[in-house]
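J.: okay, predicted coordinates and the sequence, questions at the end:
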Amino acid sequence: MKRPRIAVFKFTSCDGCQLSILNLEDELLDLIGLFQLAYFREAADRPLRGHLDIALVEGSISTERQRNHAMEVREKTRYLVTIGACATSGGLQALRNWSSVEDYKKSVYPSPGMIETLPCSTPISDHVYVDYELWGCPVSSDALSETLSSFLLDKRPGMPGYSLCMECKGKGIPCLLVARAEPCLGPVTRAGCGVLCPSLERPCYGCFGPKEGANIDSLLNVLRKAGLSHHDCALLLDKMNTYAYRKARTGEGSA
Amino acid sequence: MKRLFKVDYLSRVEGETGITAEIRDGEVTVCAGVFEAPRFFEAFLRGRHYTDIADFTARICGICPVAYQMSAVHAIESIFGVEVEEPIRELRRLLYCGEWIESHALHIYLLQGPDFYGAESAWSKREYLPMAKIGLYFKKLGNRILTLLGGRPIHPVSVKVGGFSKLPEKKVLLSILPDLKRAYEESRGEIDRAAHLPFQDHTMDMECVSLYDQREYPMNYGNVISNRGINTPMAGFLEMTRESQVGHSTALHSKKWKDGRESPYLVGPISRVNLNDEKLPAEITTTMKRCGITLPIMNTRMGIIARSIELSYALHEAMRIIQTYDNSAKPSVDFKPAAGEAAWITEAPRGMLIHRYELDDAGYVKHCTLIPPTSQNLAQMEIDLRDFIQNHISKPVEFLKKESEKIVRSYDPCISCSVHLVVLDGNKKGKPIL
């Protein structure tokens, strides 16, 4: 069988999700043997040529050049898969979307005129059709290997769309929201991290973005009754998946 | 003006960077441009609560998130007057060891290593595969430490102001001790391998800067010292540096200013080893002597040697901390937020990471400054490239290009880090940032 051609692309991001690929460690060299790695700039010195079976895309779109590049990648690719919060929902840098990017430029750079950037940081799916989205900040290595092996087996990757609470209950962890009135985003957040934060006695802060059909206002009502201010409730959602949580809240398409 | 060459997008470095080399009036000028899209961290951190800072700044870099968490929590603790207990201090050091192991292994074996073997990647040549496997083996061990303490290797979740959200059980930490011991034994042989790689002779007279801590090899504490006489508390060092914007680069360059003149300096493993070798365990210094390593290292191509020494040190130090870990401590100490400002520096795998925050009395950010190691090294890197090209100007352009890429890689630049720097109200080029 001809090995499928795979490539890894980076837009605006911290490189953590690409690093999650290298963090597959034990499986990495085996996986590389099963695919033909056509392009992976962080790890290999080889220009991109020809068509791709899978493109793994990290990072959000925040410049004009990136927008064009995303379209080029789409044209070359059979299955486009976004990896992580930036590519899937615009990332932490999407906080600029609720502010003025011109003010941001002026406050960071002495010569703001030379900095080229779009006013908003947006997910790949705002620009081109995305076949599959992997959530997480960062994406989990397990989800990556599940997606890649599913491709080889010609099946759909099995990813949860339900809330973190489902996994948390399964682990028998006392509920931080109910028992301690801590501001936990578990009820509205997609499972997939392995219940990291509640296991370490801290409330979920939303790395995996909103679950399907999340009722965010209902959670915020509970938090406000527990004494959290309006302002702090808003800040709770405005993190790595701010764009997706805000969309989910206003019901603008399910995130 | 004649363009010599241009590299648009360097491979095997973290983030997006390029090199442009030109000849102007017979002089070579080099610009290592950063084309990573800006993310404006200092801008959106304003108005955020202090409890968000470690989580947010970690997202600047997927390779050294612990460094961001460490510089952040120590700076905030310094504002609040919080002193953590000894076991917490040690565990934070253990977490940092995990990151040094992971990051150094990545760079030595997967990013820079292939350059010495003429390979385009760590897996493209059969002869190099055993090296790639050794690298992944060390890297995995670093990631295991990070996961035991913080839940996951990238953007771990347990670090907070005052300590940790939860402490690991001693028996869990002890479970990785045999693996650490084996890896440490192997790592000393790896110092030997690194020392015998073929290096271009390129000794430079440069200012090496790092933290220096009376007690130990520096990570989270200490004064800033250099081989040219700097010896100052952390805040004093910030007053010596200035940042400037260079052309279209989205990274600001940081340079030392003294008597109205700017001068570049080097941070990172070479500087740390040069200035702190007396703090290394005797076994490692004996290995260094046996391999013919002489200090100070003044050739930036030899960063891989310094990184191999530190990889071995971090494994040794992780073992020590696990063996002596006292798990009777509370996960965190109590404190009250207070208004104030403070700067803190910790040693990221790539060198000093400077954070400075100003908080209001409820603990919200009024102002912050982040200066990553790569922007401190950019000026030195450009001089290095310029000297190399000037000395080899008669060689074919393709050779100059390839070698320049290798030089940049030898600095282990972290471009995602360097791209979003410094909020400066009304700052003008050349004016002090504070």
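T.: Perfect, thanks for sending it.
J.: ok, B:E239 to chain A distance?
T.: Applying Cβ to the nearest Cβ, to the nearest Å, the value for B:E239 to chain A is 19 Å. C-beta: built from backbone N, CA, C; applies to glycine.
J.: can you count the residues close to that residue?
T.: 13 (other Cβ atoms under 10 Å in any protein chain shown).
J.: doesn't it belong to a helix?
T.: Yes. Counting by DSSP: H, G, I helix; E, B strand; the rest coil, B:E239 is part of a helix.
J.: okay, and the beta partners of A:V81?
T.: Note on A:V81: beta-bridge partners A:L56, A:Y132, judged by DSSP bridges.
J.: B:M240 versus that one, what's the distance?
T.: Distance, A:V81 to B:M240, using Cβ to Cβ, to the nearest Å: 47 Å.
J.: so those two - more neighbours on which side?
T.: A:V81 (24 against 18).
J.: show me the contacts for the more buried one.
T.: Contacts here follow Cβ atoms under 8 Å, 6 or more residues apart in numbering or on different chains; on that basis A:V81 touches A:I54, A:A55, A:L56, A:V57, A:V130, A:D131, A:Y132, A:E133, A:L134, A:T147.
J.: can you name the residue of chain A nearest chain B?
T.: A:G16 (2.3 Å; Cβ to the nearest Cβ).
J.: find the nearest non-adjacent residue to that residue, please.
T.: What sits nearest to A:G16 in space, not counting adjacent residues and going by Cβ to Cβ, 6 or more residues apart in numbering or on different chains, is B:G62, at 2.3 Å.
J.: quick check: A:E102 vs B:G47, distance?
T.: Distance from A:E102 to B:G47, by Cβ to Cβ: 18 Å.
J.: more neighbours: which of the two?
T.: B:G47 (14 against 11).
J.: who touches B:H155 in this structure?
T.: Contacts of B:H155 by Cβ under 8 Å, 6+ apart are A:G16, A:C137, A:P138, A:C207, B:D55, B:A58, B:R59, B:G62, B:P65.
J.: quick one, grab the pLDDT at it.
T.: We note a pLDDT of 98 for B:H155 in this prediction.
J.: could you do B:N427 as well?
T.: So, for B:N427, pLDDT stands at 30.
J.: can you check A:M71 too?
T.: Model confidence at A:M71, given as pLDDT, is 96.
J.: how about the secondary structure of the closest residue to it other than its chain neighbours?
T.: For A:M71, ignoring the flanking residues on the chain, the nearest one in space by Cβ to Cβ, 6+ apart is A:V128 at 5.9 Å. Under three-state DSSP, A:V128 falls in the coil class.
J.: could you pull up phi and psi at A:V128?
T.: Dihedral pair for A:V128: phi -140, psi 160, per degrees, to the nearest 10.
J.: next, count neighbours for A:L31.
T.: 18.
J.: any idea which element it lies in?
T.: Per DSSP states H and E: A:L31 is located in helix A:28-34.
J.: packing partners for that helix?
T.: helix A:141-153, helix B:129-150 (3 or more Cβ pairs under 8 Å, 6 or more residues apart in numbering or on different chains; DSSP states H and E).
J.: show residues contacting that helix.
T.: So helix A:28-34 is contacted by A:R3, A:I21, A:L22, A:L24, A:S145, A:L148, A:L152, B:W123, B:L129, B:A132, B:K133, B:L136 (Cβ under 8 Å, 6+ apart).
J.: swap the cut-off to 7 Å and go again
T.: A:R3, A:L22, A:L24, A:L148, A:L152, B:W123, B:A132, B:L136 (Cβ atoms under 7 Å, 6 or more residues apart in numbering or on different chains).
J.: so among those, which ones count as buried?
T.: A:L22, A:L24, A:L148, B:W123, B:A132, B:L136 (16 or more other Cβ atoms under 10 Å in any protein chain shown).
J.: B:A343 looks like it's in a strand, true?
T.: Yes. Judged by three-state DSSP, B:A343 forms part of a strand.
J.: who's in contact with it?
T.: B:A343 neighbours (Cβ under 7 Å, 6+ apart): B:A75, B:M234, B:A235, B:L238, B:I354, B:H355, B:R356.
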